[in-house]
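[1] Below: sequence and its predicted model.
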Amino acid sequence: MRQEIIRETPWDKPALKLDTYELLEYSEEALQKSDHLKGHFTIKVDPLESKQLLHTYGFYYTDTLLTPVCKKERFTPFVDKKLTLLSDVKREEIIAISKGAYDHGRFHRDFKLEKSGADQRYDNWLNQLYDEGNVWGLLYEDELAGFFAFSENQVLLQAFKPEYQGRGLAKYFWSRAVRSLFEEGHVEIKTSISAANLAMVNLTASLGFKFADAVDVYHKLNQ
């Protein structure tokens, strides 16, 4: 059976108000196929691959994503007893914290997209994770300071209120949430971060995460 080389990504369509697709292989056949469709396209390629074909077919660079992975035996947590985790947190409070938290994301860095569409994409994603019961609130001295959203062993979204940023607290928030994921029986925890987000790169490394993979992300818009 012929392997699928391009697929629709309907979860992005409502936010971007465009048909959206992901190319599943880096080949001229797949790139040519994108020329015959209208909408927004994403492809992830090995950083060492030549990018000549991507430029030929109108794709442009948006981000490099790293995949930090932490095995349980390597986990190096930081403990602050003022911090607690809450599984029952109000949706509107979580959504409010997430506003403006993802400027490092590839959709926000895509100069051909409206920022409002990129913001809405993250809101939709966070609402979906909330409906699945995969969002925890993080309390500091009994006040909601941030949240952690995940799916199984993958950390997908996290953000903190501005008044808790820049105080060196992120390593404690991450430690508390990652510890809870390990306590649920996972043997390793993964996440995905932008190489441009050096604060997150350094934070995950300090907790024992190792970098397992990297991909360059390219977008294309056919209107």
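    Received the coordinates, thanks. Numbers count the residues shown, from 1 in each chain.
[2] which residue sits closest to the residue nearest the centre of the chain, ignoring its sequence neighbours?
    Per CA atoms, centre = their mean, the C-alpha nearest to the average position across the chain is that of Leu156, at 5.1 Å. Setting aside the residues directly before and after it, Leu156 is nearest to Ala149 in space (CB to CB, 6 or more residues apart in numbering), at 5.2 Å. All C-beta spots, glycine's among them, are computed from the backbone N, C-alpha and C.
[3] Now do the helix or strand containing the one you found, average pLDDT.
    For Ala149, the element it lies in under DSSP states H and E is strand 143-151. Here strand 143-151 scores 96 as its mean pLDDT.
[4] And stretch 163-178, by the same measure?
    When pLDDT is averaged along stretch 163-178, the result is 94.
[5] repeat for stretch 83-100
    For stretch 83-100, mean pLDDT rounds to 93.
[6] sorry, back to before: now the strand holding Ala149 - C-alpha only, PDB.
    Taking Å, rounded to 0.1, in the frame of the first residue of the first chain, the C-alpha atoms of strand 143-151 are listed here in PDB:
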ATOM      1  CA  GLU A 143      -2.300  30.900  44.900                       C
ATOM      2  CA  LEU A 144      -2.600  29.700  41.300                       C
ATOM      3  CA  ALA A 145       0.700  30.500  39.700                       C
ATOM      4  CA  GLY A 146       0.600  28.500  36.500                       C
ATOM      5  CA  PHE A 147      -0.400  25.300  34.800                       C
ATOM      6  CA  PHE A 148       1.000  22.100  33.200                       C
ATOM      7  CA  ALA A 149      -0.700  20.400  30.300                       C
ATOM      8  CA  PHE A 150       0.300  16.900  29.100                       C
ATOM      9  CA  SER A 151      -0.800  13.800  27.200                       C
END
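[7] Helices of this structure, residue ranges please.
    Across the chain, reading from the start of the chain, the helices by DSSP state H fall at 13-16, 28-35, 52-56, 91-98, 115-131, 170-183, 198-206.
[8] Reformat the ones you listed as TSV; add distance to Thr76.
    Output for these, formatted as TSV (distance: least, CB to CB, whole Å):
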stretch	distance to Thr76
helix 13-16	37
helix 28-35	41
helix 52-56	38
helix 91-98	26
helix 115-131	26
helix 170-183	8
helix 198-206	7
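[9] Pick the most buried one from these.
    Highest mean neighbour count among the helices of the chain (mean count of other CB atoms under 10 Å): helix 170-183, with a mean of 19.
[10] ok and that one relative to strand 143-151, angle-wise?
    50 degrees (axes from the mean of the first three to the mean of the last three CA atoms, to 10 degrees).
[11] what packs against helix 170-183?
    Counting by 3 or more CB pairs under 8 Å, 6 or more residues apart in numbering; DSSP states H and E, the packing neighbours recorded for helix 170-183 are strand 83-86, strand 135-140, strand 143-151, strand 154-160, strand 188-191, helix 198-206.
[12] Would you tell me which of those gets closest to His104?
    helix 198-206 (7.9 Å; CB to CB).
[13] What is the neighbour count of the closest residue to Met200 other than its chain neighbours?
    For Met200, the nearest residue in space outside its immediate sequence neighbours is Ile193; the separation is 4.5 Å by CB to CB, 6+ apart. Other residues within reach of Ile193 by the criterion other CB atoms under 10 Å amount to 22.
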